[in-house]
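1. Here's a sequence, model it:
(chains A and B)
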Amino acid sequence: MTTEDDDHAITAEGLTRSFGSRQALAGVDLTVSTGTVLGLLGPNGAGKTTVVRVLSTLLLPDGGRARVAGHDVVREPDAVRRRLGLSGQYAAVDEKLTGRENLYLVGRLYGMTRRAARERARELLRRFRLEEFADRPSGSFSGGTRRRLDLAGALVARPPVVVLDEPTTGLDPRGRADTWESVRELVREGTTVLLTTQYLEEADQLADAICVIDRGRVIARGTAADLKARVGGERLSLTVPDPGHRATAHAVLAALGPHLPETGERGDRLTVPTDEGTLTLERALAGMRGAGVAVSDVSLAPPTLDDAFLALTGRSHVPAETGEPPPPVNAGPGGRGGAEQAAAPAVAGAAGGRGDRA
Amino acid sequence: MTTLTLAGRDASIIAWRNLLNLSRTPGSMIAAMVQPLMFVLLLAYVFGGSLGGDDYRTYLMGGIFAQAVTFNAAFTALGLASDMDKGLVDRFRSLPTPRMSVVLGRTLSDLTMSTVTLTVTALCGLLVGWRIDAPPHRAALGFGLILLFAFAMSWVGATIGLTARSVEVAQSAGLIWLFPVTFVSSAFVSPAAMPGPLRTIAEWNPVSATATAARDLFGNAPPPGVTLGDSWPVRNALPYATVSALVITAVFMTVAIHRYRRITRG
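-> All right, here's what the predicted structure looks like:
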């Protein structure tokens, strides 16, 4: 173990991986400091699951290197497997086995004695409030309960590093809240967590640092605050109810410069980034009044991660293919209209050196 | 612990889990019991009736044993494919268990199933008039040989299950090869009646050798009118059946474990 490995529970350098002609990873670099949570944020097909599969030794990379808890994922897969708990995207529980038997099975395959595996299963059932399901076949569980059982399975061997692939996809708000609490508890115990998510709020809530991944590359990294700051200033948003006034309203906002306004999906909401806060707000309202444009629902808010994502990828954030709506984002009404076109302000492309976690 | 003892330990844990699964899936248990029953009744009365009555029924049993356990290879293919489909293989692969233990666990639990199949088949055989006419140690050797062959076929099933792209493909691919393999043999009819190349294949088919050796060990002589010929595999049925089962096991174990290592789905 080198000193760097003491600081970083996970490091990946230049990971590449293709499936046929499709390049899933085009050179991914990331580091996760020991005892912290890294959120790997990106839309479907960005390469998040591929990163997870490489780090958890399920998939060999074509190129690049990765170390988990001081061990190389390609050269020392068994050492990595002993130190990493994985909870995959689809809760991998044996439906015919009970909750208790599932955990016992995993414990035995970690080399525990029968007795130790039974005892550990009991502890985890208690910790994850699964006792009432302990002796029922897991095929009868709800989605949230299955995920809890799967997560418990990942923790059987008390691994110092835990990787969670979209831990809340498909869960109801209650299941999501439960999972978040479990992740926070892991962190309190000193576990290093890498979690992937399509939900901006999830990364914002749980992660100490965020890597935004798109098309197999990390396109931005930093804390949630860093990312928001890089998108710059605030967002002025307003609604123009009368369709006849919208072109005029757009022109008024554009005249404020330097950023161009974006039109929301429904066409009635305009958003413009601004670096001058309330001054812009006053000018905009004065301009609207002068042009005879009626506006409503005016807001001035700091950028959300959605705004950051839009600015970084040039695309709006696309929610899960399951049609599951993303959780509500705790932010002002502005900014998340899902604009068709990116305004892409000054923030361009990938940046950030390695290990730039705050 | 060496890798091999660890693999053995973990494989027995996986086998326990597989058997627990099977015992909670009454459908597959029933299929495993009814299938041999069906083979015995169909073959004994449909073929047996026209080909020589009681003598032929007794003779048929060696072939039915070999066929019934061969068909269990389909369970191996299906079991592994559905574990992959449900993400359980990923879970197992993320654990520090030797690569071979999951596949070995599956072939071992299917070997247990083959023991059940064999017992049911033998009981049905006794009902239709089959008798063992040999000392107990030879009869035991006969059952042992059939189980060794079952284990070999299970590794072929494992390779199919791990290669198939979906559970549906594993289900049909895992079944379809069983028909030519078991029927182009001397399990039920004399190869002498088959056209040239088919006849050679039937003579060298390990299913034929296993059936012939088992009949010999059970003391079931061919009835009048059935001639197995005088080819080398017929004269050396027991050693040939044993060696071919071992070679098939070695080859397909290697291929299946290699496939398991290289699962790259997702």
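
2. list the buried ones in the helix or strand where B:Ala211 lies?
-> Taking DSSP states H and E as the criterion, B:Ala211 maps to helix B:206-218. By neighbour count on 16 or more other Cβ atoms under 10 Å in any protein chain shown, the buried set for helix B:206-218 is B:206-218. All C-beta spots, glycine's among them, are computed from the backbone N, C-alpha and C.

3. ditto for stretch A:147-165
-> By 16+ other Cβ under 10 Å, the buried positions in stretch A:147-165 come out as A:147-157, A:159-165.

4. Can you flag which of the residues you listed belong to strands?
-> Among these, the members falling in strands (DSSP state E) are A:161-165.

5. quick one: contacts for the closest residue to B:Lys86 other than its chain neighbours?
-> Distance criterion Cβ to Cβ, 6 or more residues apart in numbering or on different chains; nearest residue to B:Lys86, sequence neighbours excluded, is A:Ala92 at 6.8 Å. By Cβ atoms under 8 Å, 6 or more residues apart in numbering or on different chains, the contact list for A:Ala92 reads A:150, A:153, B:86-88, B:90-91.

6. The residue nearest the centre of chain B: helix or strand, and which one exactly?
-> When Cα atoms, centre = their mean is applied to chain B, the residue found nearest the centroid is B:Thr70 (2.6 Å). B:Thr70 is part of helix B:53-71 when elements are defined by DSSP H and E.

7. In that helix, which residues are buried?
-> Going by neighbour count (16+ other Cβ under 10 Å), the buried part of helix B:53-71 is B:55-71.

8. thinking again about what came up before, and the pLDDT for the residue nearest to B:Lys86?
-> Among the per-residue scores, A:Ala92 holds a pLDDT of 82.

9. cool, B:Ala140 as well?
-> 96.

10. For whichever helix or strand it is part of, name the packing helices and strands.
-> Per DSSP H and E, B:Ala140 falls inside helix B:136-163. Applying 3 or more Cβ pairs under 8 Å, 6 or more residues apart in numbering or on different chains; DSSP states H and E, one finds that helix B:136-163 contacts helix B:53-71, helix B:73-85, helix B:100-127, helix B:167-176, helix B:206-218, helix B:237-261.

11. mind checking how far the closest residue to A:Ala26 other than its chain neighbours is from A:Ile10?
-> Distances taken as Cβ to Cβ, 6+ apart place A:Gly216 nearest to A:Ala26, at 3.8 Å, with adjacent residues excluded. A:Gly216 sits 18 Å away from A:Ile10 when distances are taken as Cβ to Cβ, to the nearest Å.

12. Give the burial count for residue 19, as a bare number.
-> Just going to use chain A. Using other Cβ atoms under 10 Å in any protein chain shown, A:Phe19 has 14 neighbouring residues.

13. I was thinking of chain B, sorry if that wasn't clear
-> The number of residues near B:Leu19, taken as other Cβ under 10 Å, comes to 16.

14. A:Ser87 now?
-> With other Cβ under 10 Å as criterion, A:Ser87 counts 28.

15. Setting the sequence-adjacent residues aside, check what's closest to it.
-> A:Ser87 sits nearest to A:Ala154 (Cβ to Cβ, 6+ apart), 4.3 Å away.

16. contacting residues for that neighbour?
-> A:85-87, A:162-164.

17. Swap in 7 Å and give it another go.
-> By Cβ atoms under 7 Å, 6 or more residues apart in numbering or on different chains, the contact set of A:Ala154 is A:85-87, A:162.

18. And for B:Leu60?
-> Contacts for B:Leu60 (Cβ under 7 Å, 6+ apart) come out as B:43-44, B:47-48, B:188.

19. Break down chain A into its helices, ranges please.
-> When secondary structure is read from DSSP state H, chain A shows helices at A:3-7, A:48-55, A:77-83, A:99-109, A:114-127, A:143-154, A:173-188, A:200-206, A:224-231, A:246-256, A:278-291, A:305-313.

20. where among the ones you listed is the average confidence lowest?
-> helix A:3-7 (a mean of 62).

21. number of nearby residues for residue 202?
-> Defaulting to chain A. The burial count for A:Glu202: 25, using other Cβ under 10 Å.

22. not what I meant, chain B
-> B:Ala202 has 25 nearby residues by other Cβ under 10 Å.
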